[in-house]
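> The following comprises the amino acid sequence and a computationally predicted model.
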Amino acid sequence: MSKIYVIHENEAWVEPLRAAFEAQGLPFEEWFLSEGVLDLSEAPPEGVFYNRMSASSHTRDHRYAAELTGGVLDWLESHGRRVVNDSRALRLEISKVHQYETLKRYGIRTPRTIAAVGKAHIVEAARRMTGPFITKHNRAGKGLGVKLFQSVTALEAHVNSDAFEDSVDGITLIQEYIRAPQPFITRVEFVGGEFLYAVRVDTSLGFELCPADVCQVGDAFCPVGEQPSVAEQISPVSTAPRFEIVKGFKSPLIEKYKRFLAENGIGVAGIEFIENERGEVFTYDVNTNTNYNAQAEAEASLYGMRAIAAYLGKELRQPGAKARLHAA
């Protein structure tokens, strides 16, 4: 029997999707790819395969989950199976460098970023920046490695201390700090390559911006040294909901994002951007294993996991779904 297969490594993030599948009576199976065996002499089962592998999988002791998933996706695609968020999407998920260079090809502006490997080179890269800058991991998620620095001296002290944590792929990004007039970013959600909704995310508590209910504030962005946090530099901590769906959201970025998703094998994603004091917009993250905030969705009567389930169910019913690849 043809069914929907969900590829993932985090049980908690799949719970709302399970409920949506069951409510819509859709046949599904989960492939938990923390470790396992892949026999390349066998053919995959029939069905639609939804990849939810996360760039932060290594933080849950699933160090090689992304690498294993890459092999599985290559195997599925070689047999012509329908893959939502395919191998191209996985590459974008696990490399910010690849994200930024691909986004720029679609006329989407990203923050000035320098990639460096090695402590001395990280410091050298920071010397090329003017004004405050942040660091982040190239293979990230969960705000990994995100720290704000006011000077190269502060960064140098940090990278030579026990507090420094390297990216799992060894690549640290040094990125210009975008000062927003208010402490929020916008996350735009897409399902089936179509715009679903935009959510305003309050950053006054930091940059652990995962909207899933199971994400913890304990993973939040933490600036270095005695300097004030990003939020404190802008305004006091907000009392508004941290995640709030924006009614009637419109932006010229939507069409650019849609083209970017369609041409890179991405059916489901959340894309984050920030606007500076001059009204310039910078896109800085693409999440291909996007999660949703239950409270924000309930207040707006919009439900991401239900939309994903409906989309995958439609794909499963498409003629030829048993053996076709997502159109590039």
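Sure thing, it's come through.
> Quick check: nearest residue in space to residue 309, chain neighbours excluded?
Closest residue in space to residue 309, ignoring its immediate chain neighbours: residue 20 at 3.7 Å, by CB to CB, 6 or more residues apart in numbering. Heads up, the C-betas are built off the backbone N, CA and C, glycines and all.
> center of this structure - which residue?
The chain has residue 287 as the residue nearest its centroid, 2.0 Å off, counting by CA atoms, centre = their mean.
> For that one, list the residues it contacts.
Contact analysis of residue 287 by CB atoms under 8 Å, 6 or more residues apart in numbering lists 93, 141, 187, 269-272.
> Over to residue 164?
Contacts of residue 164 by CB under 8 Å, 6+ apart are 119, 158.
> can you check residue 72 too?
7, 31, 33, 38.
> Residue 19 touches residue 305, doesn't it?
Yes: with contact defined as CB atoms under 8 Å, residue 19 reaches residue 305; the gap is 7.4 Å.
> Of the two, which one has the most company?
Counted by other CB atoms under 10 Å, residue 19 and residue 305 do not tie: residue 305 has more neighbours, with 23 against 13.
> Quick check: that one touching residue 16?
Yes: at 4.3 Å, residue 305 counts as touching residue 16 under the criterion of CB under 8 Å.
> Now do the shared contacts for the two.
Shared contacts of residue 305 and residue 16 (CB under 8 Å, 6+ apart): residue 292.
> now what about stretch 40-50, what contacts it?
Under CB under 8 Å, 6+ apart, the answer for stretch 40-50 is 2-7, 73, 75-76, 79, 81-85, 267-268, 308, 312, 315-316, 321-323.
> now these: which count as buried?
Those of the contacts of stretch 40-50 that meet the buried threshold are 3-7, 73, 75-76, 81-85, 267-268, 308, 312, 315-316, 321, by 16 or more other CB atoms under 10 Å.
> Tell me which helix or strand comes right after the lowest-mean-pLDDT helix or strand in the chain.
Ranked by mean pLDDT, DSSP states H and E, the helix or strand of the chain with the weakest confidence is helix 230-234, at a mean of 37. Later in the chain than helix 230-234, the nearest helix or strand by DSSP states H and E is strand 243-246.
> so what strands line up beside that following strand?
strand 194-202 (antiparallel) (DSSP bridges).
> Could you pull out the buried residues of the strand it pairs with?
195-202.
> three-state assignment of residue 175?
strand (DSSP: H, G, I helix; E, B strand; the rest coil).
> Could you give the bridge partners of it?
Residues in beta-bridge contact with residue 175 (DSSP bridges): residue 113, residue 134.
> just use 27 as the starting number from now, easier for me
In the new count, where the first residue is 27, that last one comes out as residue 201.
> Check it and give its pLDDT.
With respect to pLDDT, residue 201 has a value of 97.
> isn't it right up against residue 158?
No: counting by CB under 8 Å, residue 201 does not reach residue 158; the two are 10.4 Å apart.
> in this structure, which spans are strands?
Here the chain has its strands, by DSSP state E, at 29-34, 54-58, 73-77, 108-110, 139-142, 159-163, 173-175, 198-202, 210-217, 220-228, 269-272, 294-301, 307-313.
> ok now the fourth one, how far from the chain's centre?
Strand 108-110 has its average C-alpha position 18 Å from the chain's average C-alpha position, going by CA atoms, centre = their mean, to the nearest Å.
> Show me what it is packed up against.
Counting contacts by 3 or more CB pairs under 8 Å, 6 or more residues apart in numbering; DSSP states H and E, strand 108-110 packs against strand 73-77, helix 91-104, helix 330-343.
> at 10 Å what do you get?
The contact analysis (3 or more CB pairs under 10 Å, 6 or more residues apart in numbering; DSSP states H and E) places strand 108-110 against strand 29-34, strand 73-77, helix 91-104, helix 330-343.
> Same list (the ones you listed) but as a markdown table, adding mean pLDDT.
Shown next, in a markdown table, are the helices and strands packed on strand 108-110 (pLDDT from 0 to 100):
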| stretch | mean pLDDT |
| --- | --- |
| strand 29-34 | 98 |
| strand 73-77 | 98 |
| helix 91-104 | 98 |
| helix 330-343 | 97 |
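> Residue 169: neighbour count?
Using other CB under 10 Å as the criterion, the residues surrounding residue 169 number 20.
> next one: residue 79
So residue 79, with other CB under 10 Å, has 26 neighbours.
> That one and residue 94 touch, don't they?
Yes: in this structure, residue 79 is within contact of residue 94 by CB atoms under 10 Å, at 8.8 Å.
> what touches both of the two?
With contacts defined as CB atoms under 10 Å, 6 or more residues apart in numbering, the residues shared by residue 79 and residue 94 are 33, 35, 59, 88.
> As TSV, those with distance to residue 154 would be great.
Converted to TSV, the shared contacts of residue 79 and residue 94 look like this (distance: CB to CB, whole Å):
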residue	distance to residue 154
33	39
35	36
59	39
88	35
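> With respect to residue 284, which of those residues is nearest?
residue 33 (23.7 Å; CB to CB).
> show me what contacts the closest one?
56-59, 75-79, 91, 94-95, 98-99, 102, 109-111, 116, 315 are the contacts of residue 33 under CB under 10 Å, 6+ apart.
> Alright, calling it a day.
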